[in-house]
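S.K.: Sequence plus the predicted model coming up.
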Amino acid sequence: MNFDQTSARFRLDVALNRMAVTFRGMTARRNEHNCECHWGSAEELARLKEPDTELDLDLLHRTWQAADWDDHASVLRRILPQLSRALVGGLVEPLFGMEEVGRSFARGEWQQWPADQTAAVREFLNAWWAHTLIDSDPAVPAHQVLALCAEASAAISPWLHAWEAQTRAVADRHLVEAVTYWEYDLLGDQLPWQSWSNEEEMRTELTAWLIRHAPARLQAANAPAELLHRIRLLGLTDLARWTDPHWPDDRY
């Protein structure tokens with residue numbers, strides 16, 4: 001592990017510890033409830049009202065995923081120390097994509113919490129993203145972490161700026177993987193994940209960023225020529241795009 005990786009891992013470990021300290025002792029509200037038939041038992045609900053006890057991964061999953069808590073913020077704060085570690089370890093497996101976890105953060109309105117709590121969450125997301133970009137084999141692919149961070153913060157530009165600033169070859173390889181995953185949806189003028197808010201704005205920003213910054217980085221990473229054509233096509237509109245020799249008309 002080189003110096004940059006060591007530094008990024010140290011920053012992430014500090015951020016995880018800060019999450020543990022900041023949200024230590026948090027619990028769901030005493031009168032919080034949920035439906036036993038689809039969420040879980042009374043005994044499981046009681047665990048959310050006890051501070052600092054570990055939840056099994058299934059219960060952790062059902063807790064962050066549920067969208068009908070009376071006080072989602074309190075429930076989220078209760079599980080954040082464990083959830084943040086599980087995310088970094090690749091132990092969180094949403095049904096569709098990591099943007100689902102980002103939406104759970106957004107439902108908790110974490111950016112409106114007390115300053116120390118907001119700062120802890122923000123630093124965790126930034127540290128995890130920075131570490132992901134230079135990790136050759138991250139537990140969660142970079143394009144999935146980006147979707148989570150974008151949904152959690154209701155913004156995509158800060159995360160793209162961090163990717164732009166990270167010029168190591170491994171960050172370029174992550175971009176190749178991301179573009180491979182994204183290009184079908186983007187050529188159909190769709191954001192490659194379901195977004196709660198700002199979907200069109202995020203799609204526009206992501207597309208513009210790729211047109212500006214992806215070609216050189218994909219070339220540096222020896223990406224397939226067809227992937228470069230997909231980025232070029234993003235810069236075309238309407239008839240010019242559809243009639244281009246490299247338009248993948250067999251897929252649309």
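M.R.: Cool, got the structure. Residues are numbered from 1 along each chain as shown.

S.K.: Going along the chain, name the strands of the stretch 101-250 of the chain.
M.R.: Taking DSSP state E, counting those that start in this stretch, the stretch 101-250 of the chain contains no strands at all.

S.K.: Skipping its backbone neighbours, what lies nearest Leu175 in space?
M.R.: Using CB to CB, 6 or more residues apart in numbering and skipping residues adjacent in sequence, the residue nearest Leu175 is Arg217, 5.3 Å away. C-beta here means a position set from N, CA and C on the backbone, and glycine is covered the same way.

S.K.: looking at it, that neighbour is touching Arg173, isn't it?
M.R.: No: counting by CB atoms under 8 Å, Arg173 is not a contact partner of Arg217; they are 9.3 Å apart.

S.K.: More neighbours: these two, which one.
M.R.: Taking neighbours as other CB atoms under 10 Å, Arg217 and Arg173 compare with Arg217 leading, 21 against 18.

S.K.: show me what contacts that one?
M.R.: Ala171, Asp172, Leu175 (CB atoms under 8 Å, 6 or more residues apart in numbering).

S.K.: I'd like those residues as CSV, with distance to Asp52 appended.
M.R.: Listed next are the contacts of Arg217 as CSV, based on distance: CB to CB, whole Å:
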residue, distance to Asp52
Ala171, 36
Asp172, 41
Leu175, 39
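
S.K.: now, which of these lie within helices?
M.R.: Residues of the contacts of Arg217 located in helices (DSSP state H): Ala171, Asp172, Leu175.

S.K.: most surrounded residue in those residues?
M.R.: Ranked by neighbour count (other CB under 10 Å), these have Leu175 at the top, with 24 neighbours.

S.K.: From Trp110, how far out is that one?
M.R.: Relative to Trp110, Leu175 is positioned 28 Å away (criterion: CB to CB, to the nearest Å).

S.K.: Over to Arg30?
M.R.: According to CB to CB, Arg30 and Trp110 sit 22 Å apart.

S.K.: I am finished for the moment; much appreciated.
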